[in-house]
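J.: Show me how the following folds:
(one chain, ligands or ions: 1)
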Amino acid sequence: MAHITHIPRRADAPMPRCAFLGLLLLLGCIDNGEFGDYRYRSDMHEQVSFKHHEDPRPPVKGTVPVTGYESPIRDSVTAARLINPLRSSASDAGAAKFLYETHCSPCHGLGAKGDGPVAAKFQVPPDLTDQKYRRASDGYLYYIIRHGRLIMPPYYEGVKARERWMIVNHLRTLQK
Ligand code: HEC
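T.: Numbers count the residues shown, from 1 in each chain. From the prediction side, this is the model:
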């Protein structure tokens, strides 16, 4: 049986390669893609894609949402003629309450009395259980939600048409 005196180490051969890789690594760390005024690498920074927090590309003129275009309501007289397409059914009463509490209660309060937590720091909104608003038509309330009023924000973007009618129905419940 032969006596093995020397087992060639695998590391013997690749030594120079290691050094080379190390050098590349070092260059990679200090390299910013520039050499004097010459920029030889841009890290794909200069390209047409959008960067973090950059405004989205504006839609092509005339683009409408896939849910269709809802034309603005001209005035309160037109609004009063709008027909509420939803009967105040108990089935979506929970969802309607949720929508009201999400979008309206911060200012108007859970009971629509105008006592939401934001109201005190903002502008106190009217009591929506008041006779004036009990007498107002569904269409008028819908119109206010869609377009807002003075400093009250409009809800034509974040709240869909059907959801606005649901909120109207919830207001009616609160007014009882
Ligand atoms: C940021 C606070 C705020 C939020 C949120 C808000 N409102 Fe208002 N709202 C007001 C203020 C303030 C007024 C009084 C505006 C004015 O000076 O006429 C008002 C007025 C109204 C009126 C009475 C309009 C009139 O003709 O007198 C209605 C109805 C109404 N809001 C419904 C809603 C509903 C429904 C929501 C939720 C979709 C909502 N508001 C969300 C602040 C708010």
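J.: To what extent is the closest residue to Asn84 other than its chain neighbours buried, counted in neighbours?
T.: Closest residue to Asn84 apart from its sequence neighbours, by Cβ to Cβ, 6 or more residues apart in numbering: Asp138 at 4.1 Å. C-beta here means a position set from N, CA and C on the backbone, and glycine is covered the same way. Counted by other Cβ atoms under 10 Å, the residues lying close to Asp138 total 20.
J.: got the contact list for Asp138?
T.: By Cβ atoms under 8 Å, 6 or more residues apart in numbering, the contact set of Asp138 is 82-84, 165, 168, 172.
J.: Please spell out the ChimeraX selection for the buried subset of these.
T.: Only the buried entries of the contacts of Asp138 go into this ChimeraX selection, using 16 or more other Cβ atoms under 10 Å:
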select :82,84,165,168,172
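J.: May I see the contacts of Asp138 arranged in TSV, with secondary structure and distance to the ligand as well?
T.: Output for the contacts of Asp138, formatted as TSV (DSSP: H, G, I helix; E, B strand; the rest coil; distance: Cβ to the nearest ligand atom, whole Å):
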residue	secondary structure	distance to the ligand
Leu82	coil	14
Ile83	coil	18
Asn84	coil	14
Trp165	helix	11
Val168	helix	7
Arg172	helix	11
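J.: Low-confidence bits of the chain, can you list those?
T.: Residues of the chain meeting the criterion pLDDT under 70: 1-15, 18, 24-30.
J.: got the residues of it near the ligand?
T.: Proximity of the chain to the ligand (Cβ under 6 Å from any ligand atom) is limited to residues 103-104, 106-108, 118, 122-123, 125-126, 128, 133, 141, 144-145, 149-153, 155, 167.
J.: Can you select the buried ones from those residues in ChimeraX?
T.: Only the buried entries of the residues of the chain next to the ligand go into this ChimeraX selection, using 16+ other Cβ under 10 Å:
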select :103,104,107,108,125,128,133,141,144,145,152,155,167
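J.: Restricted to helices, list the residues of the chain next to the ligand.
T.: Residues from these lying in helices, with DSSP state H as the criterion: 103, 106-108, 133, 141, 144-145, 167.
J.: element containing the most centrally placed residue in the chain, please.
T.: Taking Cα atoms, centre = their mean, the centroid of the chain lies closest to Gly158, which sits 8.4 Å from it. Assessed by DSSP states H and E, Gly158 sits outside every helix and strand.
J.: Could I get the full set of helices for this structure?
T.: Under DSSP H, the chain gives helices at 15-30, 76-80, 93-103, 105-108, 131-135, 138-147, 161-175.
J.: Tell me the spacing between the residue nearest to the centre of the chain and Leu99.
T.: 10 Å (Cβ to Cβ, to the nearest Å).
J.: for Pro85, same thing?
T.: Using Cβ to Cβ, one obtains 16 Å as the distance from Pro85 to Leu99.
J.: Sweet, I'm off.
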